[in-house]
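Participant: Okay, sequence plus prediction incoming.
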Amino acid sequence: PSTNTTGDPANSNEVLSVGAYNSKESFQDNYGQLDIESQIFPFSSRGLMEVGLVKPNIIAPGAALSSTPFSKTKGFSMWNGTSMAAPMVSGLSALVLEKARISKITLLDKKDENSISESPLIFKRALEESAKQISAYSKIDQGYGLVQGVDALKLMTDWELKYVRDQKNQPISGNLFKYM
């Protein structure tokens, strides 16, 4: 679509909006199409908001996904769209957050001076900053790029060492975002 096609609630700064992407390999494996390159789907909204925000924040696999169980009569149902890409990010997020918990990354337990958890914004920032840019697309099309779960976890681990614990492994107090 043209730019500035996103709407509410995706336009909010606090919302992590997700565009739908499909790789060349997925087109080949799932559709048997050998002549289609990787792409961000044209129905995936995008654009520069009036306040300077770029949406979507990230892109994720959004094609040839099955969210329904196998049926003997119908087989698998494969669906496309941002309605498949967003749950893909939700599932990936659950895995990354569980690994962070097991790894004792306390970064996500940080609170600011008003005891408000910074966790959602820290995690959102980790997903954004660890995403991989797809060279064929502009930032307006893909935001930060293709979501990368392992890299998000590594980035949170790095932040933990840099901003949460000092050299003596003692907690650093205060608002994390003033350091970033």
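Facilitator: Yes, it's here.
Participant: List the buried residues of the lowest-mean-pLDDT helix or strand in the chain.
Facilitator: Sorted by mean pLDDT, DSSP states H and E, the helices and strands of the chain end with helix 24-31, the least confident at a mean of 82. By 16 or more other Cβ atoms under 10 Å, the buried positions in helix 24-31 come out as 26, 27. In this view, the C-beta of every residue, glycine as well, is placed from N, C-alpha and C.
Participant: The next helix or strand after it - contacts with which helices or strands?
Facilitator: Next helix or strand after helix 24-31 toward the C-terminus (DSSP states H and E): strand 39-40. Packed against strand 39-40 by the contact rule (3 or more Cβ pairs under 8 Å, 6 or more residues apart in numbering; DSSP states H and E) you find strand 18-22.
Participant: what angle do the strand it packs on and helix 24-31 make?
Facilitator: 70 degrees (axes from the mean of the first three to the mean of the last three Cα atoms, to 10 degrees).
Participant: For strand 18-22, which strands pair with it and how are they oriented?
Facilitator: strand 39-40 (antiparallel), strand 58-61 (parallel) (DSSP bridges).
Participant: could you give the mean pLDDT of it?
Facilitator: Taken as a whole, strand 18-22 has an average pLDDT of 94.
Participant: what about dumping the CA coordinates of that strand to PDB?
Facilitator: Output in PDB follows, covering the C-alpha atoms of strand 18-22 (Å, rounded to 0.1, in the frame of the first residue of the first chain):
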ATOM      1  CA  VAL A  18       3.900  -6.100  13.200                       C
ATOM      2  CA  GLY A  19       4.000  -6.200   9.400                       C
ATOM      3  CA  ALA A  20       3.700  -9.500   7.400                       C
ATOM      4  CA  TYR A  21       6.700 -10.800   5.600                       C
ATOM      5  CA  ASN A  22       7.400 -14.000   3.600                       C
END
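Participant: follow-up on the earlier one: looking at the strands paired with strand 18-22, which is closest to residue 159?
Facilitator: For residue 159, the closest of the strands paired with strand 18-22 is strand 58-61, at 18.0 Å, according to Cβ to Cβ.
Participant: Give me the contact list for the closest one.
Facilitator: 16, 18-23, 26, 40, 44, 84-86, 88-89, 92, 127-128, 131, 134, 142-147 (Cβ atoms under 8 Å, 6 or more residues apart in numbering).
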